[in-house]
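>>> Curious how this folds, go ahead:
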Amino acid sequence: MKSRTIRTTHTGSVAVLLAGCLTACGVTDDPGGSRPQIGIDIPRADSDFWKAYAKYLQQEIDDQQLRVLPPTRSDGDEATFTANIHSLAARHPKSIVMAPQNTMATDSTLSDLFRANVHAISVDTEPEHGSVYMVVRADNRAYGAKACEFLGKQLGGKGKVAELQGALSSINGYERSEGFAACMKRNFPGIQVIALATEWKGDIASAKLQSTLAANPDLNGIYLQAGGVFLQPALDLLRQKGLLKPAGQSGHISIVSNDGSPAELAAIRKGDIDATVSQPADLYAKYALYYAKSAAEGKAFQPGPTDHQSTIISLPNGLEDQLPSSLVTKENVDDPSLWANHAAG
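Numbering: from 1, shown residues only. Below you'll find the model as predicted:
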C-alpha cells in the first residue's frame with residue numbers, strides 16, 4: 001500500500017436529537033451568569049454509530065453536569081465544520097469537542113483556537129496539524145487486524161475476500177486498510193484480497209460489490225470497514241442475488257464488519273454476518289466530554305495507561321487516548337457491556 005499523504009475520516013436529525021436536552025442537560029449561553037465552558041460540533045448523522053454517539057452526548061452532558069453551548073452540526077462538510085468551530089469559539093468556551101473530517105486541513109482552525117486559549121478535543125479523527133488537547137479514538141489498525149484474524153481463520157486461510165474500504169484519504173479508512181492488508185499478507189497469504197475504496201458511501205459500496213461478485217463468483221468473504229454505512233446495502237445485494245446464506249450453511253459468505261451497531265449485532269444473531277469489531281460510541285462521548293471538562297479546569301495528562309483500560313499515547317501535536325474495542329461474535333453478542341446492547345433510545 002502506498003504511503004498516506006492525506007488523512008480525513010469515515011461520518012437536521014442530530015439537532016433534533018439534542019434539542020430536548022438543551023435546557024434539561026445544562027445547555028445554555030449564560031448559565032448562572034458564567035461563560036459556557038464547552039462547545040460541541042457533531043460531525044455527521046449518516047450512520048447508526050454517529051446517531052448513537054449524539055444520543056450518548058445527551059446522557060453525558062447530564063451525567064457529568066456540564067455547561068455547554070448549543071451544539072452545532074457539520075454533516076461531514078469541511079466548510080461547515082470550519083464555520084461552526086469559529087462560531088463556537090466566538091462565544092468563548094474553554095474547550096470544543098469536534099471530529100474534523102479533513103484532518104489535513106486543521107492547521108488554521110486549531111491554531112486559531114490555540115491562540116484564543118480554547119482547547120480542542122477530537123473524537124474518532126486525529127488532526128494532522130494544529131494543537132489538540134486530546135484525541136479520543138480507538139486503534140484503527142487493530143480494527144483491521146482483528147477483522148483479518150477472524151476472517152482468515154473462518155476461511156481456513158484460502159479464498160477471496162472483498163474489502164469494502166472507507167476513504168483512503170481518511171485516517172480511519174487508511175489505518176483499517178493497512179492493518180487488514182498487513183495481517184493478511186503475514187498470516188493468510190492464500191487469501192486474495194480485493195480492495196474496494198468507497199468514500200464511506202453505501203451506494204458506491206453496493207455497486208462495487210456487485211461488480212466484484214459478477215467477476216468473482218467464488219468470493220467467500222467480505223470485510224465491511226463501516227457496518228453502519230455498508231451493512232444494509234451489502235446484505236440487500238446478497239439477498240437479491242440469492243447469496244445471503246446463514247452462517248454454518250453451505251454457500252455462506254463470511255462477513256466481518258466494524259462499528260458494532262445494534263443492526264450488526266442483530267445480523268450476527270440471525271447468522272447474516274459472522275462478526276464485528278465494536279467501536280465504543282458510548283465511551284467516545286463519555287471521554288470526549290471528560291477531557292473537555294478537564295481542559296476547561298486546567299488539568300494535564302501524560303502518556304501511559306489510564307484508569308479506564310486504555311492507553312494515552314503521544315502525538316506530534318498533542319495526546320491520544322486509545323480506547324479499547326472488542327471483537328463480537330455469536331459467542332459474546334449478548335454481552336451487556338457492548339454499547340449496542342444498551343444503546344441510547
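>>> could you pull out the strands for this protein?
With DSSP state E as the definition, the chain shows strands at residue ranges 38-42, 72-73, 95-98, 119-123, 132-138, 159-165, 191-197, 221-224, 254-259, 275-278, 304-305, 311-315, 318-323, 326-328.
>>> quick one: the first one to chain centroid distance?
Mean C-alpha position of strand 38-42 versus that of the full chain (C-alpha atoms, centre = their mean, to the nearest Å) differs by 17 Å.
>>> now swap in the fifth one and tell me
Between the mean C-alpha point of strand 132-138 and the mean C-alpha point of its chain there is a distance of 12 Å (C-alpha atoms, centre = their mean).
>>> hmm, who's touching it?
Residues external to strand 132-138 that are found in contact with it (C-beta atoms under 8 Å, 6 or more residues apart in numbering): 95, 110, 119-127, 279-280, 284, 287-288, 291, 295, 301, 312, 315, 317-325. All C-beta atoms are positioned from the backbone trio N, CA, C, and that covers glycine.
>>> Restricted to buried residues, select the residues you listed in PyMOL.
When burial is assessed using 16 or more other C-beta atoms under 10 Å, the buried subset of the contacts of strand 132-138 is captured in PyMOL by this command:
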select buried, resi 95+110+119+120+121+122+123+124+125+126+127+279+280+284+287+288+291+295+312+317+318+319+320+321+322+323+325
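>>> Can you check which of the strands of the chain gets nearest to E175?
With distances scored as C-beta to C-beta, the stretch of the strands of the chain nearest to E175 is strand 132-138 (9.8 Å).
>>> Contact partners for N140?
171-172, 175-176, 179.
>>> So for it, what's the nearest residue that isn't a sequence neighbour?
Taking C-beta to C-beta, 6 or more residues apart in numbering as the measure, N140 lies nearest to E175, with 3.8 Å between them; neighbours along the chain are not counted.
>>> Make sure the one you found is actually in contact with G144.
Yes. The pair E175 and G144 passes the contact test of C-beta atoms under 8 Å, sitting 7.0 Å apart.
>>> Among these two, which residue is more densely surrounded?
Comparing E175 with G144 by other C-beta atoms under 10 Å, the one with more neighbours is G144, at 29 against 22.
>>> What residues does the closest residue to the more buried one other than its chain neighbours make contact with?
With sequence-adjacent residues excluded and distances taken as C-beta to C-beta, 6+ apart, G144 is closest to G179, at 2.9 Å. With contact set as C-beta under 8 Å, 6+ apart, G179 has these partners: 140-145, 148.
>>> 7 Å - rerun?
140-145 (C-beta atoms under 7 Å, 6 or more residues apart in numbering).
>>> is it true that P43 touches D75?
No. Using C-beta atoms under 7 Å, P43 is not in contact with D75; the gap is 8.0 Å.
>>> more neighbours, those two?
Under the criterion of other C-beta under 10 Å, the comparison of P43 against D75 puts P43 first, with 27 against 17.
>>> any idea what sits nearest the more buried one, other than its immediate chain neighbours?
Nearest residue to P43, sequence neighbours excluded (C-beta to C-beta, 6+ apart): A99, at 3.7 Å.
>>> what separates the one you found from I191, distance-wise?
A99 sits 33 Å away from I191, going by C-beta to C-beta, to the nearest Å.
>>> Looking at those two now, which is surrounded by more residues?
Set side by side, A99 and I191 show unequal neighbour counts under other C-beta under 10 Å, the larger going to A99 at 28 against 20.
>>> Now the more buried one. Its backbone dihedrals?
For A99, the backbone dihedrals (degrees, to the nearest 10) come out as phi -150, psi 80.
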